[in-house]
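> Quick one, fold the following:
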Amino acid sequence: MQFPRSLEGEISVMMNRLLGTTVALSSILATCIVIAPAASATINGCGDLSNGKLCLDEYSVGKTGTFTFRVSYGRNDDVPGEITVTLGTQRKNDQITALPDFFGSKKTQNGYAALSKRYSIDKDECVRAVMEHNNKTYIGKWRCP
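Residues are numbered from 1 along each chain as shown. As a prediction, the model looks like this:
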């Protein structure tokens with residue numbers, strides 16, 4: 001597309017500003033996820049949080065296709081009350097770490113909440129559980145091929 005010479009400089013400046021803003025926002029969002037408290041791994045594939053377990057229960061990695069991913073959170077028996085959590089997953093490959101894909105929010109019942117979502121992945125992607133509660137993000141360990 002051709003623009004009049006008088007506008008070329010202005011358009012170039014605007015495009016550079018837009019690109020810079022996009023890169024800055026992406027970096028800020030990625031940093032927020034990277035510094036989130038990670039759950040320590042357990043034998044059954046869940047991650048231990050300070051007051052419960054964050055699990056990626058059903059998942060397929062190492063294959064290309066559409067699969068169901070199920071994320072659950074279970075509170076420790078000694079933690080009273082019910083809370084509402086937002087559950088989802090995050091994916092990465094050797095080129096990019098995606099922003100979290102939240103499945104929705106759910107209130108725990110008897111200290112437990114789980115949500116599932118079906119989506120496509122490639123065989124080289126890693127997946128981990130992600131949870132938000134009280135403006136804090138919690139992450140599980142990566143499941144990789």
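
> Can you get me a residue count around the residue nearest to C144 when sequence neighbours are not counted?
Closest residue in space to C144, ignoring its immediate chain neighbours: C126 at 3.9 Å, by CB to CB, 6 or more residues apart in numbering. Just so you know, the C-beta spots here come from the backbone N, C-alpha and C atoms, and that holds for glycine as well. By the criterion of other CB atoms under 10 Å, C126 has 18 neighbours.

> Against A98, how distant is C126?
10 Å (CB to CB, to the nearest Å).

> joint contacts of these two?
91-92 (CB atoms under 8 Å, 6 or more residues apart in numbering).

> in the protein, what secondary structure element scores lowest on mean pLDDT?
Sorting the helices and strands of the chain by mean pLDDT, DSSP states H and E puts strand 40-41 at the bottom, at a mean of 48.

> Tell me which helix or strand comes right after it.
strand 46-49 (DSSP states H and E).
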